[in-house]
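[1] model the structure of this input:
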Amino acid sequence: SSSEEEGEGAWRSVNGVRYRLEMTTDGASTSDDEASAPAQQHLPVPVFYAEEKDTREPFEAFVVKVEPVLEEYGIGKVVPPPGWAPMTAAAK
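    Numbers count the residues shown, from 1 in each chain. The predicted model follows:
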């Protein structure tokens with residue numbers, strides 16, 4: 001369940017995973033002509049901070065935990081814990 005904290009940067013939690021909203025731009029403007037370029041919108045993106053315990057299970061299990069927030073925002077970013085390294089093909 002999510003905490004009720006509000007505002008950009010405020011720590012929140014969903015199913016034991018900490019996250020916060022960070023603002024980004026939509027990146028829609030690729031034109032050199034500023035007058036014809038659409039204005040960029042600032043969009044909140046939930047950034048999830050995985051812990052070492054989250055790396056012991058398949059990534060799909062982590063996604064299930066954060067799915068309610070992903071459904072709300074349609075996007076998300078995962079920051080791995082310090083020292084994390086992806087599994088090598090030999091370790092899979």
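
[2] residue contacts, the closest residue in space to G83 that isn't next to it in sequence?
    In space, G83 comes closest to E52 once its chain neighbours are excluded; the distance is 7.9 Å by C-beta to C-beta, 6 or more residues apart in numbering. Heads up, the C-betas are built off the backbone N, CA and C, glycines and all. E52 makes contact with P81, G83, W84 under the criterion C-beta atoms under 8 Å, 6 or more residues apart in numbering.

[3] any idea which helix or strand carries R18?
    Assessed by DSSP states H and E, R18 sits inside strand 17-25.

[4] show me what that strand is in contact with.
    7-13, 40-51, 54, 62, 65-66, 69, 76-77.

[5] direction included, what does that strand pair up with?
    Applying DSSP bridges to the sheet, strand 17-25 is found paired with strand 12-14 (antiparallel), strand 42-49 (antiparallel).

[6] if we go by neighbour counts, what in the shortest one is buried?
    The neighbour-count criterion (16 or more other C-beta atoms under 10 Å) identifies R12, V14 as the buried residues of strand 12-14.

[7] so what touches whichever helix or strand V64 is part of?
    Here V64, judged by DSSP H and E, is contained in helix 59-73. The contact list for helix 59-73, computed with C-beta under 8 Å, 6+ apart, reads 2, 14-17, 19, 44-46, 48, 50, 54, 76, 78.

[8] circling back: go through the strands paired with strand 17-25 and find the least confident stretch.
    Comparing mean pLDDT across the strands paired with strand 17-25, the weakest is strand 42-49, with a mean of 92.
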